[in-house]
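*Asks:* Prediction below, plus the sequence it came from.
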Amino acid sequence: MATIDLNCDLGESFGMWEMGNDAAMIELVSSVNIACGYHAGDADVMRKTVQLAKARNVKIGAHPGYRDLHGFGRRPIVGLTALEIENLIAYQIGALQGIAAMEGYKVTHVKAHGAISNVACEDDMTARAIAAGIKAVDRNLTFVVLANSKLVTAGEAAGLPLAHEVFADRAYEDNGNLVSRKKPGAVLHDPVMVADRVVKMAQTGEVISITGKVIKMKMDTVCIHGDTPGAVELGRHVRDGLKAAGIDVTPFKTVL
């Protein structure tokens with residue numbers, strides 16, 4: 001693989017409360033996923049993040065989650081209907097599109113956040129509802145999906161352009177899903193180890209699970225979490241490691 005996209009979840013501050021170092025992280029990535037006010041972010045934070053991205057020609061995407069500010073969108077909300085999920089996805093995409101329009105910039109993709117993404121990776125209804133919400137707003141928006149998950153199947157069925165995602169700083173289960181954050185070892189922090197891992201993933205198209213199982217995965221983009229302690233150092237190591245391996249960091253190319 002000669003190129004790979006690096007993405008980061010940004011705009012996750014809220015009012016006076018700050019999360020992550022957006023200005024530093026955006027220098028390292030080629031696309032960003034911006035919180036849309038449900039799990040984090042607000043109109044002011046969203047606009048500042050769009051401004052940062054536009055100044056650096058970085059792609060912007062909506063990062064919709066459950067309506068759960070207290071839990072940062074990392075707690076599943078049970079009992080939602082497919083229509084309710086479609087609505088919350090469409091609502092958040094529209095919020096970012098409005099803010100982006102004020103800056104003369106365009107939303108190019110959508111990546112579900114946290115718990116709703118984790119649920120959708122294993123639940124057909126949730127995955128299909130997310131895809132339906134995206135398609136209803138704009139069928140040309142790229143759906144960023146966890147590689148090998150039910151999100152892929154849902155996106156394909158909806159006819160959406162897809163970008164298959166792997167994670168730099170998260171451990172994988174043997175079935176290809178992310179290890180729950182409630183389990184030890186779910187989040188990886190060693191920048192040297194993570195950088196080496198990402199280079200090998202990009203070179204081989206393989207992810208090694210937490211038990212050592214080799215999992216083949218299509219990968220168009222690699223996520224580095226902006227809220228992880230030491231995220232900037234980790235991001236720099238990953239970017240430098242890819243460069244040293246002859247792999248260019250460029251925005252993802254979507255596939256149908």
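*Replies:* Yep, that arrived.
*Asks:* Give me the distance between the two termini of stretch 50-63.
*Replies:* 13 Å (Cα to Cα, to the nearest Å).
*Asks:* Just to be sure, Pro229 is in a strand?
*Replies:* No: in this structure, Pro229 is coil, not part of a strand, as judged by DSSP: H, G, I helix; E, B strand; the rest coil.
*Asks:* correct me, but it touches His189?
*Replies:* Yes: the pair Pro229 and His189 passes the contact test of Cβ atoms under 8 Å, sitting 6.9 Å apart. All C-beta spots, glycine's among them, are computed from the backbone N, C-alpha and C.
*Asks:* Of those two, give the one with the bigger neighbour count.
*Replies:* Looking at Pro229 and His189 with other Cβ atoms under 10 Å, you find the greater number of neighbours at His189, namely 13 against 10.
*Asks:* excluding its backbone neighbours, what's nearest Thr250?
*Replies:* Leaving aside its sequence neighbours, Thr250 sits nearest to Thr3 (Cβ to Cβ, 6 or more residues apart in numbering; 4.7 Å).
*Asks:* Quick check: the gap between that neighbour and Met16.
*Replies:* Between Thr3 and Met16 the computed distance is 39 Å (Cβ to Cβ, to the nearest Å).
*Asks:* Comparing these two, which shows the higher neighbour count?
*Replies:* Here Thr3 and Met16 are compared on neighbour count by other Cβ under 10 Å; more neighbours surround Thr3, at 15 against 5.
*Asks:* List phi and psi for that one.
*Replies:* Torsion angles at Thr3 (phi, psi; degrees, to the nearest 10) stand at phi -140, psi 160.
*Asks:* end to end, how far does stretch 187-196 reach?
*Replies:* For stretch 187-196, the separation between the terminal residues is 16 Å (Cα to Cα).
*Asks:* how about it: buried residues?
*Replies:* Of all the residues in stretch 187-196, those buried under the rule 16 or more other Cβ atoms under 10 Å are Val187, Leu188, Pro191, Val194, Ala195.
*Asks:* Just the pLDDT for the first one.
*Replies:* Each residue has a pLDDT score; the one for Val187 is 93.
*Asks:* what's it in contact with, if anything?
*Replies:* With contacts taken as Cβ atoms under 8 Å, 6 or more residues apart in numbering, Val187 has the following neighbours: Asp169, Arg170, Ala171, Arg181, His225, Thr228.
*Asks:* Can you name the helix or strand that the fourth one falls in?
*Replies:* Secondary structure from DSSP states H and E places Arg181 outside every helix and strand.
*Asks:* returning to that earlier point: let me know the closest of the buried residues of stretch 187-196 to Thr211.
*Replies:* Of all these, Thr211 sits closest to Leu188, with 15.2 Å by Cβ to Cβ.
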